[in-house]
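got a sequence here, can you model it:
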Amino acid sequence: MPANSDFDPGHVRYIKLGRGGLWADQAISEGIVPFGYHLVDHTLCAAGDWDAVRQQLLANGRKPSGATQGIREIRDFYELGEDTLWVTMADGHLWWAFADKDVKTTGERLPDVPSRYRATLGGWRRESLTGEPLAVRNLSSALTRTATYRMTICSVERADYLIRRIKGEVDPLHVEAKTLQEKLRDITQKMIQQLHWEEFETLVDLIFARGGWRRTSLLGGNMPDVDLILDQPVTGETAWVQVKTASSQSELNDYVERFERDGSCDRFFFVCHSGVLEAPQKPNMHVWAGAKLADLAVDVGLFDWLVQRTR
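Purely as a prediction, here's the structure:
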């Protein structure tokens, strides 16, 4: 397997592993790049007799434009060298491999079975060279939309992006964006800390509302143990919320005990803008403080609301 610095493909091609990815499991497990065109003679392709291949495609019902497209795909499969990076998508991941230059026939002539293949050099991989999983959900749509290509083989529009992801390199623009994101979080956190306690309670109420929670108690009421009672109409859950401008671990622990004694709600939220707190290791208990609270405010679109209160 090439080292990061040596990873420099001569060509990049996306290949569909059968109709609807039908051959993906076999290809990955056997370490092959399968190919169809079962009605086209392997011997003619290996000899590079593309005029004869065209005639076979036309004889099998391809229109002239379709025959030209078919020859392009077949020639790519037979003629591209071992420096060609082959990529595909299966099981929610992008897979990549290099392949031996020799094309071998399977002897099959059925439409849903590979008729020929190239053996991979080291198998298919779904991780970057630095070990990061190449999950489709984490890739740019400029790359993943290639999977909607209706034919079998095509070039990759954002080959530079693809190669960078496989090498585990970070886009300079991503680094710049992360720096700005961290600065935005820092500014948001400072604005939250400047809020009057009544405005802070309103902010918390707005975060929950924009997250789909409904308040079923008065905001800032006189309940001794809880500031808000909420319900979530989609899941049917109820929540017990305590809001503090500043707090301590001992105070948090005290409210956790009160929540557990009360037992009337499904979830517990403890929200404060100042204080170093350790959240209980329980899935139904949540602590929003500092950077976490700032991220939530930005995520639900309350940055402008905060900016208005800094005038």
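
can you pull the contacts of Ser274?
Contacts for Ser274 (Cβ atoms under 8 Å, 6 or more residues apart in numbering) come out as 193, 245-247, 289-290. Glycine gets a C-beta too; all of them are placed from N, C-alpha and C.

in strands only, show me these.
If you go by DSSP state E, those have 245-246 in strands.

list the buried ones in the helix or strand of the chain with the lowest mean pLDDT?
Here the helix or strand of the chain ranked lowest by mean pLDDT, DSSP states H and E is helix 141-144, holding a mean of 86. Across helix 141-144, burial judged by 16 or more other Cβ atoms under 10 Å covers Leu143.

immediately after that helix, which helix or strand?
Under the assignment DSSP states H and E, the closest C-terminal helix or strand after helix 141-144 is strand 153-155.

partners of that next one, with directions?
Paired neighbours of strand 153-155 in the sheet (DSSP bridges): strand 11-15 (antiparallel).

the partner strand - what's its average pLDDT?
Regarding strand 11-15, the rounded mean pLDDT is 97.

next SSE downstream of that strand?
Using DSSP H and E, the helix or strand that follows strand 11-15 towards the C-terminus is helix 24-30.

need the buried ones from the contacts of Ser274 selected in ChimeraX.
The buried residues among those can be selected in ChimeraX (16+ other Cβ under 10 Å) with this line:
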select :245,247,289,290
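
walk me through the domains of this structure.
As assigned by automatic domain parsing, the chain contains the domains 4-167, 173-308.

chain center to the longest one, what's the gap?
What separates the centre of domain 4-167 from the centre of its chain is 23 Å, taken as Cα atoms, centre = their mean, to the nearest Å.

list the contacts for the spatially closest residue to Asp25 that is not a sequence neighbour?
Of all residues not flanking Asp25 in the chain, Ala90 sits nearest, at 7.8 Å (Cβ to Cβ, 6 or more residues apart in numbering). Residues in contact with Ala90 (Cβ under 8 Å, 6+ apart) are 17, 21, 24-25, 28.

quick check: next helix or strand after the lengthiest helix in the chain?
Longest helix in the chain by number of residues (criterion: DSSP state H): helix 172-193. Once helix 172-193 ends, the next helix or strand along the chain (criterion: DSSP H and E) is helix 197-210.
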